[in-house]
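In: structure, please.
(4 chains)
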Number of protein chains: 2
Amino acid sequence: MNQVQFEPIKPVRAYERVVEQVEMAILSGKARPGEHLPSERELMAQFAVSRSTVREALRVLESHGLVQSRPGDPNGPIVLPISSVPLQKSMTRLASTQSLTLVELLQFRILLEGASAFLAAEQRTDEQLAKMESALKDLSGSADKTLTEFSQADLAFHEAMAEASQNTLVKICAQVVRGVTLELITGKVARSEAPDDLMQSWIERHTSVLDAIRKKDGLTAASLMRRDLYDYYAPYVTEEEQQRLRRLMEGAGPALPVADLLSQTTNG
Amino acid sequence: MNQVQFEPIKPVRAYERVVEQVEMAILSGKARPGEHLPSERELMAQFAVSRSTVREALRVLESHGLVQSRPGDPNGPIVLPISSVPLQKSMTRLASTQSLTLVELLQFRILLEGASAFLAAEQRTDEQLAKMESALKDLSGSADKTLTEFSQADLAFHEAMAEASQNTLVKICAQVVRGVTLELITGKVARSEAPDDLMQSWIERHTSVLDAIRKKDGLTAASLMRRDLYDYYAPYVTEEEQQRLRRLMEGAGPALPVADLLSQTTNG
DNA sequence: CCATATTTGTCCGTATGTATT
DNA sequence: GAATACATACGGACAAATATG
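Out: Now for the predicted structure:
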C-alpha cells in the first residue's frame, strides 16, 4: 500500500544553479553586504558557463534585492544589505491581483494596526515615543494643507507606531496594507467632501491613541486604533460588511463602544 | 526651507522595461493564467530588443512565479496562476539572515491564526466545517506515523481553518508564516524527542478549537488556538521572549489562563 | 584633466536537445 | 517517424560607462 513515491523530473537550468550558489553565499554570510562579487567574466570562468547564463542569474538575484551591478564597475556586482522591499513587492503583486475585497483588506488592516498599537504601547522605548509625538505634531500642522499631504503625515505616524511595535512582519505588512488601502480608496472615491471636520477628529483620535501608548496601556491603544480605523473606513462598505468588520474588532480584542460614532459615519 | 527634492537617476535597463510591461499585462488580467505569452522570438520583435534581453526579462518573471517556459514549447511561456510561493521565499530569505527573529515570527503567527480561528468560527459555512472535521480526522489517523506526515496533516487542518476565515490575506499570510516557522524550527532542532505525547495533546487541543468553531464561538476558538500555538512553540524561545509572546496573546484577545500549561513547556 | 583598460549593457550568430504537428 | 519551431546555452562583437594611472 505504501509504495515509494517518485517526483517528476524538472530540468534544472544552468542559471538556476548559479543563483543557488550565489544566494547561498550571501544568505550564509560568506558574502557580506558591501562586498563585491567577482565580475561577470570571472564568474563565467568560475562556474564554467557562458556569460548569458551568468547574466540571467545576476538579473534574478538583482530582482530579489540581493545584489546590484552597475555598468562599467570593475569591482563587480555589489552585495546589498538584506531588505524587506522584495517582500513588499511580492505582497503588492498578490494584493493587486487576488481580487481582494475592500472588506478583507480593512479587516486585515484593523487586525495589524491593532496589534501594532498594542505592541507599541507595551514595548516602546522613549526614543520611539518621541518619534511618534513628532509625527503627530506634523500631522496637526498639516491639517490645513492638501489631503495628500495630510495623508502623507498620517502615514508617517502609523509607520512610527509600527516601528515601535518591534515586529518586522507586523511593520512590513501594515505598511503594505496601508498603501493598498490608500490606492483602493482613492481609486474608488474622489474624497473631496468637507475634509476639515474629518481631519480634526482624526487628529484628536490619534492623539488619544498616543496617550494610551504613552501610558503603556496596550489594550486601550489597540482598541482605540481599531475603532478609529473602523469609523474612518466604515462609510465605504455596505452595512453587512460593516458587521463583518465589527466582528473582527470584537474578536481582535476587548471591544469599546462604537455605536456613538457609528451614527455619524454611516450616513456619509 | 521646503526645497524641491530630486531623486538620483538610475538607468532603467531594457530588460526591466520588458518585465514591467509583461508584469502589467499579467497583473491587470490582460494575460490570464493558463494563457501563453508570445515566443521569445516574437517578444523580441514586439519589444524591438535582442533575444538576451527578452530572456533576462523572462528569467526574472519566472523567478517571481509569474510565468514558466519549457524548452521546445511552441506555445511560448505559460502564464502561471498567482501563487504565494514567491512571498514565502522572500520571507524565508529575511528569516534566514536573522533579520527576522523567531519571536517576531511566532508573534505574527499567533496573531494571524488567532484571527483565522475567530473568523472561521464566526463566518464558516457548514461545508467548510465539514472540511475541517475531515482534516482533523486525518490528523488523528496519522498520529502514529512519521513526524513529517503528522506535520503535513496538521498543516491541512490549519489551511482548512484559514479557508473558512474567508479572508484571503489572513489565509495567505498564515500559510506563509506556517511554512517559515516549520523551516526554522526543523532547521534548528532535530525534534525527535518523544513526540507521541505531544502529538496526542496536540490533537486534543485542536479538537477543542474545532468544537468552539462548531459552536460559532469565535472568542473561545481564537483563545484556544493562540494558547495551543504558544504552548507548542514556547520551549524554543527564551523566557524573556516567552513574555513577549504572552503579551501579544493578551492584547490579541481575551486571555485564558496559560499558567497551568506553562510549567510543562518551560522545562523542556 | 586626460587617456587607457576593463566592465557592463546589448546585440547577433550558432549548435543542440526538445516538444508539437 | 519526419519536419518544424522552440528554448537552452554558447561565443563573439560593439558602444557606453567606470575606474585608475
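In: report how many residues lie close to the closest residue to DNA strand D within the stretch 51-200 of chain A.
Out: Nearest residue of the stretch 51-200 of chain A to DNA strand D (CB to the nearest atom of the strand) works out as A:G72 at 2.5 Å. Every residue, glycine included, has its C-beta placed from N, CA and C. Taking other CB atoms under 10 Å in any protein chain shown as the neighbour definition, A:G72 ends up with a count of 5.
In: tell me the pLDDT at it?
Out: Note for A:G72: predicted pLDDT of 86.
In: wait, is it part of a helix?
Out: No. Looking at A:G72 with DSSP: H, G, I helix; E, B strand; the rest coil, it is coil, so not inside a helix.
In: which phi and psi does the closest residue to A:T125 other than its chain neighbours have?
Out: Leaving aside its sequence neighbours, A:T125 sits nearest to A:A164 (CB to CB, 6 or more residues apart in numbering or on different chains; 7.4 Å). Backbone torsions for A:A164, taken as degrees, to the nearest 10, come to phi -70, psi -20.
In: go on, A:S28?
Out: Dihedral angles (degrees, to the nearest 10) for A:S28: phi -80, psi -10.
In: hang on, the earlier thing: and the gap between the residue of the stretch 51-200 of chain A closest to DNA strand D and chain B?
Out: Here A:G72 is placed at a distance of 11 Å from chain B (CB to the nearest CB, to the nearest Å).
In: only the buried residues of stretch A:148-155, if you could.
Out: A:F150, A:S151, A:A153, A:D154, A:L155 (16 or more other CB atoms under 10 Å in any protein chain shown).
In: I'd say the second one and A:E183 touch.
Out: No. Proximity of A:S151 to A:E183 does not meet the contact threshold set by CB atoms under 8 Å, at 11.5 Å.
In: hmm, back to that, now the two most distant members of the buried residues of stretch A:148-155.
Out: Largest separation among those by CB to CB: A:F150 and A:L155, giving 9.8 Å.
In: what average pLDDT does stretch A:230-240 get?
Out: 88.
In: now do the same end-to-end measure for that stretch.
Out: Start and end residues of stretch A:230-240 are separated by 14 Å (CA to CA, to the nearest Å).
In: okay, buried residues for it please.
Out: Within stretch A:230-240, judged by 16+ other CB under 10 Å, the buried ones are A:Y230, A:D231, A:Y232, A:Y233, A:A234, A:Y236, A:V237.
In: can you tell me which of these is nearest A:E40?
Out: Distances from A:E40 to those, taken by CB to CB, are shortest for A:Y233, at 49.6 Å.
In: for that closest one, what is the enclosing helix or strand?
Out: According to DSSP states H and E, A:Y233 maps onto helix A:218-233.
In: for the helix or strand just after that helix, which helices and strands make contact with it?
Out: Per DSSP H and E, the first helix or strand lying C-terminal to helix A:218-233 is helix A:239-252. For helix A:239-252, the packing partners by 3 or more CB pairs under 8 Å, 6 or more residues apart in numbering or on different chains; DSSP states H and E come out as helix A:102-123, helix A:218-233, helix B:102-123, helix B:218-233.
In: just the C-alpha atoms of the first one, please, in PDB.
Out: Looking back up the chat, that one is helix A:102-123. Taking Å, rounded to 0.1, in the frame of the first residue of the first chain, the C-alpha atoms of helix A:102-123 are listed here in PDB:
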ATOM      1  CA  LEU A 102     -12.100  46.000   0.400                       C
ATOM      2  CA  VAL A 103     -13.600  44.300   3.400                       C
ATOM      3  CA  GLU A 104     -10.800  41.700   3.500                       C
ATOM      4  CA  LEU A 105      -8.300  44.400   3.200                       C
ATOM      5  CA  LEU A 106      -9.800  46.500   6.000                       C
ATOM      6  CA  GLN A 107     -10.200  43.500   8.200                       C
ATOM      7  CA  PHE A 108      -6.600  42.700   7.800                       C
ATOM      8  CA  ARG A 109      -5.500  46.300   8.400                       C
ATOM      9  CA  ILE A 110      -7.600  46.600  11.500                       C
ATOM     10  CA  LEU A 111      -6.000  43.400  12.800                       C
ATOM     11  CA  LEU A 112      -2.500  44.600  12.000                       C
ATOM     12  CA  GLU A 113      -2.700  48.100  13.200                       C
ATOM     13  CA  GLY A 114      -4.500  47.000  16.400                       C
ATOM     14  CA  ALA A 115      -1.600  44.600  17.100                       C
ATOM     15  CA  SER A 116       0.800  47.300  16.100                       C
ATOM     16  CA  ALA A 117      -0.700  49.800  18.600                       C
ATOM     17  CA  PHE A 118      -0.700  47.200  21.300                       C
ATOM     18  CA  LEU A 119       2.900  46.100  20.900                       C
ATOM     19  CA  ALA A 120       4.000  49.700  20.500                       C
ATOM     20  CA  ALA A 121       2.300  50.600  23.800                       C
ATOM     21  CA  GLU A 122       3.800  47.600  25.600                       C
ATOM     22  CA  GLN A 123       7.300  47.600  24.200                       C
END
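In: still on that earlier bit, got the buried residues of stretch A:148-155 as a markdown table, with pLDDT columns?
Out: Listed next are the buried residues of stretch A:148-155 as a markdown table, based on pLDDT from 0 to 100:
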| residue | pLDDT |
| --- | --- |
| A:F150 | 83 |
| A:S151 | 83 |
| A:A153 | 89 |
| A:D154 | 90 |
| A:L155 | 91 |
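In: out of those residues, which are inside helices?
Out: With DSSP state H as the criterion, helices contain A:F150, A:S151, A:A153, A:D154, A:L155 from among the buried residues of stretch A:148-155.
In: out of those residues, which are close to DNA strand D?
Out: By CB under 7 Å from any atom of the strand, no member of those lies near DNA strand D.
In: which of the residues you listed lies closest to B:S63?
Out: A:L155 (30.1 Å).
In: ok, the closest one - contacts?
Out: Residues in contact with A:L155, defined by CB atoms under 8 Å, 6 or more residues apart in numbering or on different chains, are A:R178, A:L182.
In: the closest residue to chain B within the stretch 1-150 of chain A - how many residues pack around it?
Out: Here the residue of the stretch 1-150 of chain A nearest chain B is A:F118; by CB to the nearest CB that distance is 3.7 Å. Counted with other CB under 10 Å, the neighbours of A:F118 add up to 31.
In: do the one 10 residues further on as well
Out: Neighbouring residues of A:Q128 were enumerated by other CB under 10 Å; the total is 18.
In: helix, strand, or coil at it?
Out: Secondary structure for A:Q128, judged by three-state DSSP, is helix.
In: grab the nearest non-local neighbour of it.
Out: Once flanking residues are discounted, A:Q128 sits nearest to A:A164: 3.8 Å by CB to CB, 6+ apart.
In: one more: A:M249?
Out: Nearest one to A:M249, counting by CB to CB, 6+ apart, is A:R226 at 5.0 Å.
In: give me the below-cutoff pLDDT ranges for the stretch 1-150 of chain A.
Out: For the stretch 1-150 of chain A, residues meeting the criterion pLDDT under 70 lie at A:1-9, A:98-99.
In: strands of that one, start to end?
Out: For the stretch 1-150 of chain A, applying DSSP state E, counting those that start in this stretch gives strands covering A:67-68, A:78-79.
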